[in-house]
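1. Below is the structure, and that's it, no one-letter string:
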């Protein structure tokens, strides 16, 4: 956490048919074609050049952003783009609906600056009932010009801002407390409450109408040491929040006509009257674009782990097949997305290396047809690597049931599924290779004495006699035999001989 912002091939088998490669290429091109227009539309919207851009004079223009789940870099970038666009279009208000356990790879300064540099008032609403705003969410609420909550929600604690950074040191805590205290004073809220969100780990919950603190279940109270339960009236009177309403619409009705202070481009504070009543509100909902939504989705421990494992298994399957086809392309794509997700999360990279080593051991033992000690060692490595992969709070961990299920499937995949596939594949390849004896083909890579020949419509590994010397590419050859490794034994033929 940083200080305050100054302004806030299996050998011997025929290669994959060309149609499989063509299908993979078409699939890749299709995906690129799908993503490109979306990305262009997203970029146009962020730069204020979208076709549906509203004029700066649009009356009652209201931008709404919904943030659910962990706040990560794509979410922060999206929020910054929305606020920038609201300022460019002369919006009346940016309303952020929050339900988040905190942030990952985000800094306090970045969150504060998004709001502090905006000449359009920003309102955060923690709701509906059951929602929470902890860590980065609490900081965003503290920085906002207006802070609203629904009854039966939780606001706080404000640290750690970055769930992946562990517990902050005392100096970082002091900086955070000072920043939130300054923000509270600037917004006219209670300074002590703002500091307590950092120093005491305070969690504010506003009671439902007619409820008392005694109505809170004992287990919830025990799990939240810093829990402070206040009635709506007391929360407002103490200046903990600005509004308490059950819905976002009720909040917007309550703020219409309200005067707030914002910092202008010249650094001077000026008063702004919000005009977003039901009769004149022009609501613009701002959702994550396809690319950012994808990146935000994969920055989830369970999904990132599943993508990495699925990508690794698909790639392993492709490695044991001749050529490179759909499984290889899809596996590479899943693995790339999974590794992106891991890079955004608090990961034990020693455990990640252990996991990779375990998968490699399983693949090596499969290639050796051993299924013995290497498989056992690989299984242990995959198990320990999986369970030690993620650290941090429970929200950033994978369920043990998911881990156990994936590990069991990995073992079944290598020991049962792939063994069966390779046996069937070997039988098919042997029958096909035996039918090639007597046919003629052409050398595709120099035989010295081994290389590759094209015969029978496929590419095969082949060996020339020792006394033949180097057999150059393009030389006609005849298949005269087959060894145990499915390597064709060939001999030169006259250049006028027909090639099969």
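-> Perfect, I can see it now. From a predicted model like this one, the values you see are computed outputs, not experimental measurements.
2. Would you mind identifying the next helix or strand past the helix or strand containing residue 98?
-> Taking DSSP states H and E as the criterion, residue 98 maps to strand 93-99. Next in sequence after strand 93-99, counting helices and strands by DSSP H and E, comes helix 108-116.
3. What strands line up against the strand holding residue 98, and which way round?
-> Applying DSSP bridges to the sheet, strand 93-99 is found paired with strand 61-68 (parallel), strand 122-126 (parallel).
4. Out of these, which one sits most buried?
-> Greatest average neighbour count among those goes to strand 122-126 (a mean of 28), per mean count of other Cβ atoms under 10 Å. Backbone N, C-alpha and C define where each C-beta goes, glycine included.
5. what does that strand contact?
-> Residues outside strand 122-126 that contact it (Cβ atoms under 8 Å, 6 or more residues apart in numbering) are 83, 93-99, 114-115, 132-133, 137, 140-141, 143-150, 153-155, 245, 248, 251, 255.
6. Same check on stretch 387-396?
-> By Cβ under 8 Å, 6+ apart, stretch 387-396 touches 70, 101-102, 104, 163-164, 166, 301, 305, 345-348, 350-352, 354-355, 397-398, 400, 403.
7. Buried ones among these?
-> Among the contacts of stretch 387-396, those classed as buried by 16 or more other Cβ atoms under 10 Å are 70, 101-102, 104, 163-164, 301, 305, 345-347, 351-352, 354-355, 397-398, 403.
8. Give me the subset of those that lies in helices.
-> The helices, defined by DSSP state H, take in 301, 305, 351, 352, 354, 355, 403 from those.
9. Of these, just say which sits nearest to residue 454.
-> Nearest to residue 454 out of these is residue 355 (Cβ to Cβ; 39.8 Å).
10. isn't the closest one right up against residue 381?
-> Yes: if you go by Cβ atoms under 8 Å, residue 355 and residue 381 touch, sitting 7.0 Å apart.
11. what about the stretch 101-250 of the chain, any weak spots by pLDDT?
-> For the stretch 101-250 of the chain, no stretch has pLDDT under 70.
12. how does it look with 90?
-> Scanning the stretch 101-250 of the chain for pLDDT under 90 picks out 105, 116-117, 159-172, 210-226.
13. hmm, who's touching stretch 369-382?
-> 354-355, 357-362, 364-365, 368, 407, 410-411, 414-415, 419.
14. buried residues in that stretch?
-> For stretch 369-382, burial by neighbour count (16+ other Cβ under 10 Å) applies to 374, 375, 378, 379, 381, 382.
15. Then stretch 295-309?
-> 295, 296, 298, 299, 300, 301, 304, 305, 306, 307, 308, 309.
16. quick check: mean pLDDT across that stretch?
-> Averaged across stretch 295-309, pLDDT comes to 93.
17. which residues touch it?
-> 69-70, 72-75, 104, 288, 334-335, 337-342, 344-345, 386, 389-390, 396-399, 402-403, 406, 410.
18. Relative to the whole chain's centre, how far out is it?
-> Offset of stretch 295-309 from its chain centre (Cα atoms, centre = their mean, to the nearest Å): 5 Å.
19. Strands of the stretch 351-500 of the chain, start to end?
-> 440-445, 450-455, 458-463, 476-482, 488-492 (DSSP state E, counting those that start in this stretch).
20. What strands line up against the last one, and which way round?
-> The sheet places strand 488-492 alongside strand 458-463 (parallel), strand 476-482 (antiparallel), with pairing taken from DSSP bridges.
21. what does the last one rub up against?
-> Residues outside strand 476-482 that contact it (Cβ under 8 Å, 6+ apart) are 433-434, 436-443, 447, 453, 455, 462, 464, 471, 488-495, 497, 499.
22. Report the rounded mean pLDDT for it.
-> Strand 476-482 comes out with an average pLDDT of 87.
23. Likewise for the first one?
-> Along strand 458-463, the predicted confidence averages to a pLDDT of 78.
24. where along the stretch 201-350 of the chain do the strands fall?
-> 203-206, 227-230, 243-244, 259-263, 269-273, 282-286.
25. Need the ones you listed in CSV (columns: distance to residue 62 and mean neighbour count).
-> Output for the strands of the stretch 201-350 of the chain, formatted as CSV (distance: least, Cβ to Cβ, whole Å; neighbours: other Cβ atoms under 10 Å):
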stretch, distance to residue 62, mean neighbour count
strand 203-206, 24, 24
strand 227-230, 29, 19
strand 243-244, 16, 22
strand 259-263, 14, 16
strand 269-273, 14, 11
strand 282-286, 5, 15
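26. do you know which of the ones you listed lies nearest residue 212?
-> Nearest of the strands of the stretch 201-350 of the chain to residue 212, taken as Cβ to Cβ: strand 227-230 at 8.0 Å.
27. still on that earlier bit, what about the strands of the stretch 351-500 of the chain, which gets the closest to residue 330?
-> Closest among the strands of the stretch 351-500 of the chain, once you apply Cβ to Cβ, is strand 458-463, at 23.4 Å.
28. follow-up on the earlier one: of the buried residues of stretch 295-309, closest to residue 79?
-> Among the buried residues of stretch 295-309, and counting by Cβ to Cβ, the member closest to residue 79 is residue 296, at 11.6 Å.
29. For residue 104, see how far away the closest one is.
-> 10 Å (Cβ to Cβ, to the nearest Å).
30. got any residues that touch both of the two?
-> Listed as contacting both residue 296 and residue 104 by Cβ under 8 Å, 6+ apart are residue 72.
31. From the contacts of strand 122-126, which land in helices?
-> Among the contacts of strand 122-126, the residues falling in helices (DSSP H) are 83, 114, 115, 137, 140, 141, 143, 248, 251, 255.
32. residue contacts, the closest residue to the last one other than its chain neighbours?
-> What that stands for is residue 255. Nearest residue to residue 255 in three dimensions, chain neighbours excluded: residue 274, at 5.3 Å (Cβ to Cβ, 6 or more residues apart in numbering). Taking Cβ under 8 Å, 6+ apart as the criterion, residue 274 is in contact with 92, 93, 121, 255, 256, 257, 258, 259, 260.
33. Ramachandran coordinates for the fifth one?
-> Residue 256 has phi and psi values of phi -60, psi 130 when expressed as degrees, to the nearest 10.
34. That one and residue 273 touch, don't they?
-> No: using Cβ under 8 Å as the test, residue 256 is too far from residue 273 to be in contact (9.3 Å).
35. residues contacting the spatially closest residue to residue 443 that is not a sequence neighbour?
-> Nearest non-adjacent residue to residue 443, counting by Cβ to Cβ, 6+ apart: residue 475, 4.7 Å away. By Cβ under 8 Å, 6+ apart, the residues touching residue 475 are 442, 443, 492.
36. What's the ChimeraX syntax to select whichever of these are buried?
-> If you want just the buried ones from the contacts of residue 475 in ChimeraX, going by 16+ other Cβ under 10 Å, the selection is:
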select :443,492
